[in-house]
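Enquirer: predicted model, plus sequence, below.
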Amino acid sequence: MSTEQNKALLRKWIEEGWNKGNLAVVDELYAPDFTQHDPSTPVSVSSAEDLKRYVAGYRMAMPDMHFETHDLVAEGDRVLWRFTATGTQKGVMLGIPPTGKYAAVTGMALFRIVNSRIAECWVNFDALGLLQALGVIPAMA
């Protein structure tokens, strides 16, 4: 695939998967043995099915979750996505009871594309800022 095709694949995932919650698109866009590396979350994502549960969990916790894309940069089989995620916590998220608070966090994810499917992803987002926005830990003075 070209770098433009790889970026289009990611755009489809962001809009359909994250923003609309259409998890059926995972079967189309992700390799069955997809792996996500995310040091900020205790949830293991080592298959496309795990990814569906992971995204569904976040979307249940923050039903108004929305990702704004700032950059999509592609080279070879890699696509880097820089984003801001926003939402209001109305459900349990990673063991945190609903707070009713709004959060906006920035992050980046690097995707590896193999045979027109997303095979691997490395994620880094402002987990500290998320926890502070939700009031789970105090914000720094």
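Expert: Cool, the structure landed.
Enquirer: so what's the residue count around Val114?
Expert: When neighbours are counted by other C-beta atoms under 10 Å, Val114 registers 12. Yep, even glycine has a C-beta here, placed from its N, CA and C like the rest.
Enquirer: try the one 5 residues further on
Expert: Ala119: 16 surrounding residues under other C-beta under 10 Å.
Enquirer: nearest residue to it in space, please, no chain neighbours.
Expert: Leaving aside its chain neighbours, Ala119 sits nearest to Ala31 (4.5 Å; criterion: C-beta to C-beta, 6 or more residues apart in numbering).
Enquirer: go on, Ala104?
Expert: Using C-beta to C-beta, 6+ apart, the closest residue to Ala104 is Thr86 (4.5 Å).
Enquirer: strands along the protein, start to end?
Expert: Applying DSSP state E to the chain gives strands spanning 30-37, 66-75, 78-88, 102-114, 117-125.
Enquirer: can you put those in CSV and add mean pLDDT and distance to Ile14?
Expert: Converted to CSV, the strands of the chain look like this (pLDDT from 0 to 100; distance: least, C-beta to C-beta, whole Å):
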stretch, mean pLDDT, distance to Ile14
strand 30-37, 96, 13
strand 66-75, 98, 6
strand 78-88, 98, 7
strand 102-114, 98, 10
strand 117-125, 98, 11
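Enquirer: tell me the contacts of the residue nearest to Ala104?
Expert: Going by C-beta atoms under 8 Å, 6 or more residues apart in numbering, Thr86 touches 64-66, 68, 102-105.
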